[in-house]
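Peer 1: The following comprises the amino acid sequence and a computationally predicted model.
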Amino acid sequence: MRPNSFSDMSEAPLRHVRQPLPHDSAAKHVQGSAAYIDDLPEPAGCLHIAIGGSPMARGSLMAVGLERVRAIQGVVAVLTAADIPGKNDISPTFDDEPLLAAREVIFHGQPVFAVVAETRDAARRAARLGALTIAQEKPSVTVEDAQARGETVLPDYAFQRGDAPATIGAAPHQLAGTFRIGGQEHFYLEGQVALAIPGEDGSMHVHSSTQHPTEIQHVCARVLGVADALVTAEVRRMGGGFGGKESQASQWAAMAALAARVTGRPCKIRLDRDDDMAMTGKRHDFRVDYAVGFDDDGRIQGVEMAFLARCGCSADLSQGVVDRTMFHADSSYFLPELIIGTRRLKTNTVSNTAFRGFGGPQGMLAMERIIDQIAWRLGRDPLDVRKANHYGPERDVTPYGMTVEDHDVGAAILEQLEASSDYRARREAIAAFNATSPILRKGIALTPVKFGISFTLSHLNQAGALVHVYSDGSIQLNHGGTEMGQGLYQKVAQVVAEEFGVGMDRVRITATTTDKVPNTSPTAASSGSDLNGMAAQIAARQIRERMAVLAGEHFGVPAAEVQFRDDHVFAGNESVSFAELAKRAHMARIHLSAAGHYATPKLHWDRPNGQGRPFFYFAYGAACAEVVIDTLTGENRVLRVDILHDVGHSLNPALDIGQIEGGFVQGMGWLTTEELVYDKDGRLRTHAPSTYKIPVASDMPADFRVTLFGGANREETIYRSKAVGEPPVMLANAVFGAIADAVQSLAPGRPVVLDAPATPEAILKAVQAVASAG
Amino acid sequence: MTRSSIRFVRRGRVVQVDDFAPRTTLLDWLRIEQRLVGTKEGCGEGDCGACTVVLGRERDGKLVYEPVNACILLLGQIDGAKLITVEDLAPGAASGSKELHPVQAALVARHGSQCGFCTPGIVMSLFALYHEGVRPVTREAACDALAGNLCRCTGYRPIIDAALDVCAEPAADGSDARADATLAMLRRLDDAQDVFVGDEDAFFAAPASEESLAALLAEHPEATLLGGATDVGLWLTKALAPLRKFIWLGRVHGLGDIHDSPEVLALGATVSHARALEPLAAIDPDIGEVMRRFGSNQVRASGTVGGNIANGSPIGDLAPMLIVLGAHLELRGGSERRTLPLENFFLAYRKQDRRKGEFIRSLLVPKPGPGDHVRVFKVTKRFDEDISSLLMAMRVTIQGERIVMARVAFGGMAATPKRALAVETALLEQPVNDGASWAAAGEALASDFAPLDDHRASAAYRLQVGKNLIVKALAEIAGAPSSATRIIGHRETAHAAE
């Protein structure tokens, strides 16, 4: 066997990394023994919280009548803004969102008071009895309402290169249009929940279903008016997050902490599904106005895109989200001259927030719509127009000045998928089908994904981990990443087991908690395993090196030649079990605990000038979707999907494929059946699964072929893997393109006016429009 | 004789519960009172399936397992059943055992869980499928079995694969070996006693006979009648309705009978949608397809045909189909019985012709005659487990080339399920092969309905699709194969022959 050393450990045969191990909690999931916060034994005296929300979307709060609320048997306390000892603000950054409305209400359902009662049932009943007097104002519901009032949550921001209007005007062909992109409810199966347990000296232990424990700590401390060090936030697992528990968990954690402070008792809040959907933010919806100039090959010469974002009632994470829309408005294409403008409009709707892809999907979808329209105008296959515009040599600088160094990866994926999906032959077969099928029409599309990996807020690109080796050789692993189903805990455990050369059963995974690893970044931006895997590796290697020195001394070989594998430590011809070495290390007074810290290299971003390298690297992929639509009803079905996706050298191919398939289906839901409907009063009408339709089993394409693209990450990431959480969502753009393609087949050459989501109603409208446009 | 407790079987023993708030849901009883927290609450309205548990009951001498949504089922409704929760499949889990039921092992092997919150419900739905006994289980059957279980993480592929894997072989988890013993226990629980838990002010009652039911209802005409509670459950969990008196019909002897003859199908009021599916599908495959898409497995196992009709929802799928078939409703109040055409039962929005103290006994559904053609289309945002934007049912009788009788009814187009009389008139005496007459019939729809705009669909969409569905139905009746006219529910491949 060839010798190992620390420096080339990653080149050694791997025992755990790259293996398709199941999710760390898989057995517990199926047994029902994996505990979520509502499943934890309730501390003695635990109280329950329910929220009284505003019945109006905009107005001044004149009076809050709580007599009937307090009169309900079991009610212990009713909290309003006046009960907050610290600051009435739960916003992540911009100081613009109260925990409980104080003087004005800014969206329908906004929390105004909180009932704390002996049972959840009593709290819920009482919460409906508040008498709120509100001087009502007309709400801004749509982006047009907000435009008319000139109300924004953040300043306008744009990328610009060249003189796009002039270039468009001089181009051989021009197109202009408007396109609407709907929002999306996260619909994590476990709703928002928090349990706060008061401790001594004003301390508070908060169990929160959150992707961002450090922010829970900050917000609870801020609301309670105590130092961060007095608040501990903990989360073992979430029942889904998808971005909906990044900033949105804070309000409920803070509510529980406030109630625990006021009553001196443990307090739990678990939102009812309707409250959850009405009171927490969603994916941003947009209106996109565009104009584009292009040549005879469909190659874009100049483009102007104006993104009008419905941000809702506060800034929340809209700066990063809408910035990311801009970062991805190029999709995979070189745009020689451009204006990518954004307005972050303030509406009296719940504040929109992070959602898997973080604004990227909307930017990419808008560009893919433009490409389709170009292709149809020219009578060309949209795939050819995509390829003509793809980043390539000399055409490799993004609208924000970052060079796409590995555009060949994206191009290779497109080529491979075109061949493996049999795209050209199927396009012909579909044309033949459509020629004899007046009612049912088929469509196909093949679209690329290029997604920038890193937080665009550069300071978030860091992570910490804490690894303990106990004297019996068992290992405890903790890091700042959270587990929401993506399998992060298992991936990081695979890295740590690999470093120590021990079996997975020796690594005990523990809950994420701010008292073990402080100052963590949210588990978001697909960064979980990139950041925390590295931090854990750094921590593990410190301990391993200390143990290697001891083994080397004992066996008389250089420490660098000591190998850790098969639960043993080898030095020359000698070996000792890992457990025995751990015991000896302890006896030799060697520190068997280490903290690791990692910061992503190469990043710089100059937001005022819109220039820099905001991303460490790009993740690539492509999808080919075939659909059938019913031109009499607008009903539709996805028939076949082929995906080729780039995860670098996978840490765990089973978990990565799970992210790809799940992300794709979630994106497909966003673009087809999932429709958020607000009425004119700003009230969300689709606030439960009975009215808001995420995909079910039969919506999954019956023919679903997912392949991982080979190559290593060219950047030095953990075992040369790539991030995988968000990029697959945008694979679903192929579904939308295929639906539009099916509509287009009714009247080739005419523009298709189809907004997202492509519900049956939206499709029928588009069908009627192309049919009557003749 | 009256019993003042409910009794059910769990883990081979009889559990008796004699003190519970009448409105207690099974889920709250499990999670809050028993601390059995493996079963999750995802939505509290029977749509996501995270709370799925399985009930075992005797049917035609056999033990059958059905998945139900514990969040909207009242605790009292499990009287006489065997209750199986996720904890019962791997009893060692609490002490860290890795021992798994075959369904659980298949899900692990296929990476069928990510966040894991929906997983216990999915395990239970697949447990029921595993024991349904039908082999082979097709992909479509697996999807049907899972239609009531939302998963937001996986995209379902690994879950469906796990279902196909574990159902490739006959069930072999030992449950069948114990089936006789379980049946014997269930039979011992199936007494003729009326159940009455609570007091005159607040109770959960489950009379055993029509006489007891009629008497109890006469005494408490304001009591809430429960079929499957798939709607009443939401009044409790969502509207927090202050209901105190419940009369569950599930134990009333004879009310769950099905009588099928060549002329008429008689469905007792408490026949579940799951049981009604097969005989209804035998009338016409389109009806079978609507029943397949009716709620979910969980909803079909709990919900009853009588409840669906009595509830009077304008978007209930059963009524328009049965109206075009000419169904009648049989009601009883005290000792008086009456029968009326189903279409006359619906008076106005959620106002039905059910008198004080009356209950529905049965639905009488005439079978289509020779020359009759039936078509039903359900249009939704999502094919499975979705409430209709609109549903159209049509029955026409063709003699020669002419339409000599036409019945067309819609759901989702008005405040009640309602016939489209102008459309019917327009169709009458028209040649069936004439596309122009189809369009004319479609145009007549505008004088029948002025539909609503809501979050499911706009008024314009409903009206347009209503017209289009008339055209589509007539095109099919005139001979177009349904493979060319619709995306799912092809008649040519339906199990039940036309």
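Peer 2: Yes, it's here.
Peer 1: worst-scoring helix or strand of chain B, pLDDT-wise?
Peer 2: helix B:435-448 (a mean of 93; mean pLDDT, DSSP states H and E).
Peer 1: quick check, residue A:583 in a strand?
Peer 2: No - Residue A:583 is assigned helix when assessed by DSSP: H, G, I helix; E, B strand; the rest coil, not a strand.
Peer 1: count of residues packed around it?
Peer 2: 16 (other C-beta atoms under 10 Å in any protein chain shown). To be clear about C-beta, it is placed using only N, CA and C from the backbone, and glycine gets the same treatment.
Peer 1: Relative to chain B, how far out is it?
Peer 2: 25 Å (C-beta to the nearest C-beta, to the nearest Å).
Peer 1: I'd assumed residue A:471 was in contact with that residue.
Peer 2: Yes - if you go by C-beta atoms under 8 Å, residue A:583 and residue A:471 touch, sitting 5.1 Å apart.
Peer 1: hmm, back to that, let me know whether whichever helix or strand comes after the least confident helix or strand of chain B sits next to chain A.
Peer 2: Later in the chain than helix B:435-448, the nearest helix or strand by DSSP states H and E is helix B:459-477. Yes - judged by C-beta under 8 Å from any C-beta of the partner chain, helix B:459-477 and chain A are in contact via B:461, B:464, B:465, B:468, B:469, B:471, B:472, B:475.
Peer 1: Ok, stretch B:481-488 next?
Peer 2: Yes - interface with chain A: stretch B:481-488 contributes B:484, B:485, B:486, B:487, B:488 (C-beta under 8 Å from any C-beta).
Peer 1: follow-up on the earlier one: just checking, what packs against the least confident helix or strand of chain B?
Peer 2: Helix B:435-448 sits against helix B:421-427, helix B:459-477, with contacts defined as 3 or more C-beta pairs under 8 Å, 6 or more residues apart in numbering or on different chains; DSSP states H and E.
Peer 1: Now distance to residue A:264, mean neighbour count and mean pLDDT too, for these, in JSON lines please.
Peer 2: Below are those laid out as JSON lines (distance: least, C-beta to C-beta, whole Å; neighbours: other C-beta atoms under 10 Å in any protein chain shown; pLDDT from 0 to 100):
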{"stretch": "helix B:421-427", "distance to residue A:264": "68", "mean neighbour count": "21", "mean pLDDT": "98"}
{"stretch": "helix B:459-477", "distance to residue A:264": "55", "mean neighbour count": "22", "mean pLDDT": "97"}
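Peer 1: Per-residue pLDDT of the closest residue to residue A:92 other than its chain neighbours, please?
Peer 2: Spatial nearest neighbour of residue A:92, excluding adjacent residues (C-beta to C-beta, 6 or more residues apart in numbering or on different chains): residue A:247 at 4.5 Å. Residue A:247 carries a pLDDT value of 98.
Peer 1: same check, this time on residue A:9
Peer 2: 40.
Peer 1: Just the buried ones from the residues of stretch B:481-488 next to chain A, in PyMOL syntax?
Peer 2: Of those, the buried ones can be selected in PyMOL as follows, counting by 16 or more other C-beta atoms under 10 Å in any protein chain shown:
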select buried, chain B and resi 485+486+487+488
